[in-house]
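Engineer: Show me the folded form of this:
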Amino acid sequence: MPFASVDAISLCYETHGDRRKPAIVLIRGLGTQLIEWPRALLDALVAGGLFVVAFDNRDAGLSSEVAASAQPPYRLEDMANDVVGLCDALAIDRAHVFGISMGGMIAQHVAFARPERMRSMISVMSSSGNPDLPRPPPELFARLDERADAEDAVVVLNAESRAVFGSPGYPESEAVRVAAARAAYRRSYRPDGIARQMRAVVADASRVERLRRVDLPTLVIHGRDDKLVPSEAGADTARSIAGAELVVVPGMGHNIPAALAPEIARITLDFIARRAPAA
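Structural biologist: Model (predicted):
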C-alpha cells in the first residue's frame, strides 16, 4: 500500500476507482484500520461514480505511531489536518468526507477548519459530543479499553466486541468476526494508539456550537440499535447543523457489516446526487 507524508506523519492509504471522478474520503473510527471497510461498500461507491480514498488514521494500522512522550499527543483537529494533508498529497481539491464514529468527529473538524475542501459531510454512527446525550452502560464502554497479551486472546476479545457492538439486523457469523479480528491483529495491534485516540476524543468535549456554524450539505446516518453511541447522538448532530439530513437505519448497530454496506452506499449516493452533485 502507498504512503503519504503529512507534516511529520506517514499515512497509509489506498484508492479505488477513477481519479477523474469526485473523491470521497473514508475515515475510520477508534483504533480500526482501512482493511475493515466492507468491500461491498467500496465497490458500490465506485460504481456510483466516486473516487474512493481510504486510509489508516495516525496511531492505527500502518500509519505513523505517535511518540508516547508527546503531551498531549494530539487532538481531533490534528487528525482532521491529516485528512486535508492526504487530499493535498493526492491533488484532491474538494472531497465528500465520510467518517464513522470517531471518524465522524474528525470529519466535523474538517468542516470547522477547511469547509472549502469539502463537497459534503457524511457523519455515520457519530456524535456532537453533547454532554447531555445518553451514554452507554459502563461495562460496554469498558470494552474499548480491553487488552490481552497473546494473539488468540486478543482475537477472542475483538470478535466478542464485534458481536456486542454489531448490528442485530445484520448479524455476522462467528467465523466472519474471528477472521476479521485476526486479520486486524496480524496487520497491526496498537492498544496504546487506541488510548491516545480516545484521549483526543475525550479532550474535544462538545461540538454543538461549532456544528451550528457548519454550512455544508450534511448527511447523518445512525443505527437505531447502536448500543455504543445511541441514536440520540446522531439526531443531536443533525439537529445542530442547518439543513442536515438524518437517516436512522433499523437493525444497524455500531458497525457496517457486509450485508448492510450496499444500503449505506445507496443512502450516501442518493444524498450526494440530490444535495452535492459534482459541479
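
Engineer: where exactly do the strands run in the stretch 1-150 of the chain?
Structural biologist: Assigned by DSSP state E, counting those that start in this stretch, the stretch 1-150 of the chain shows strands spanning 3-6, 9-16, 23-27, 51-55, 95-100, 118-124.

Engineer: Same check on the stretch 151-279 of the chain?
Structural biologist: Under the criterion DSSP E, counting those that start in this stretch, the stretch 151-279 of the chain contains strands at 218-223, 245-249.

Engineer: Highest mean neighbour count out of these?
Structural biologist: Neighbour counts (mean count of other Cβ atoms under 10 Å) averaged over each of those peak at strand 218-223, with a mean of 27. Quick note: C-beta positions are derived from backbone N, CA and C, even for glycine.

Engineer: ok, residues contacting that one?
Structural biologist: The contact list for strand 218-223 (Cβ atoms under 8 Å, 6 or more residues apart in numbering) reads 111, 120-126, 167, 229, 231, 233-235, 237-238, 241, 243-249, 251-254, 264, 267-268, 271, 275.

Engineer: CA atoms only: put that strand into PDB for me.
Structural biologist: Output in PDB follows, covering the C-alpha atoms of strand 218-223 (Å, rounded to 0.1, in the frame of the first residue of the first chain):
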ATOM      1  CA  THR A 218     -24.600  17.200   5.500                       C
ATOM      2  CA  LEU A 219     -25.900  13.700   5.900                       C
ATOM      3  CA  VAL A 220     -26.100  11.900   9.300                       C
ATOM      4  CA  ILE A 221     -26.500   8.200   9.300                       C
ATOM      5  CA  HIS A 222     -27.100   6.300  12.600                       C
ATOM      6  CA  GLY A 223     -28.200   2.800  13.600                       C
END
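
Engineer: buried ones in stretch 189-201?
Structural biologist: For stretch 189-201, a neighbour-count test (16 or more other Cβ atoms under 10 Å) marks 189, 190, 193, 194, 195, 196, 197, 200, 201 as buried.

Engineer: Would you confirm that the second one contacts residue 62?
Structural biologist: No: because the distance of 10.2 Å does not satisfy Cβ atoms under 8 Å, residue 190 is recorded as not touching residue 62.

Engineer: quick one, what contacts the nearest residue to residue 17 once chain neighbours are set aside?
Structural biologist: Spatial nearest neighbour of residue 17, excluding adjacent residues (Cβ to Cβ, 6 or more residues apart in numbering): residue 46 at 3.9 Å. Listed by Cβ under 8 Å, 6+ apart, the contact partners of residue 46 are 16, 17, 18, 52.

Engineer: hmm, which of these are the buried ones?
Structural biologist: Among the contacts of residue 46, the ones that count as buried by 16+ other Cβ under 10 Å are 16, 17, 52.

Engineer: Make TSV from the residues you listed and add distance to residue 214 and pLDDT to it.
Structural biologist: Shown next, in TSV, are the buried ones among the contacts of residue 46 (distance: Cβ to Cβ, whole Å; pLDDT from 0 to 100):
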residue	distance to residue 214	pLDDT
16	27	98
17	27	98
52	23	98
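
Engineer: Any chance of TSV for these, columns distance to residue 74?
Structural biologist: What follows is these, written out as TSV (distance: Cβ to Cβ, whole Å):
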residue	distance to residue 74
16	28
17	30
52	26
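
Engineer: Roughly how far does the closest residue to residue 271 other than its chain neighbours sit from residue 146?
Structural biologist: Using Cβ to Cβ, 6+ apart and skipping the chain neighbours, the partner closest in space to residue 271 is residue 219 (4.4 Å). Residue 219 sits 32 Å away from residue 146, going by Cβ to Cβ, to the nearest Å.
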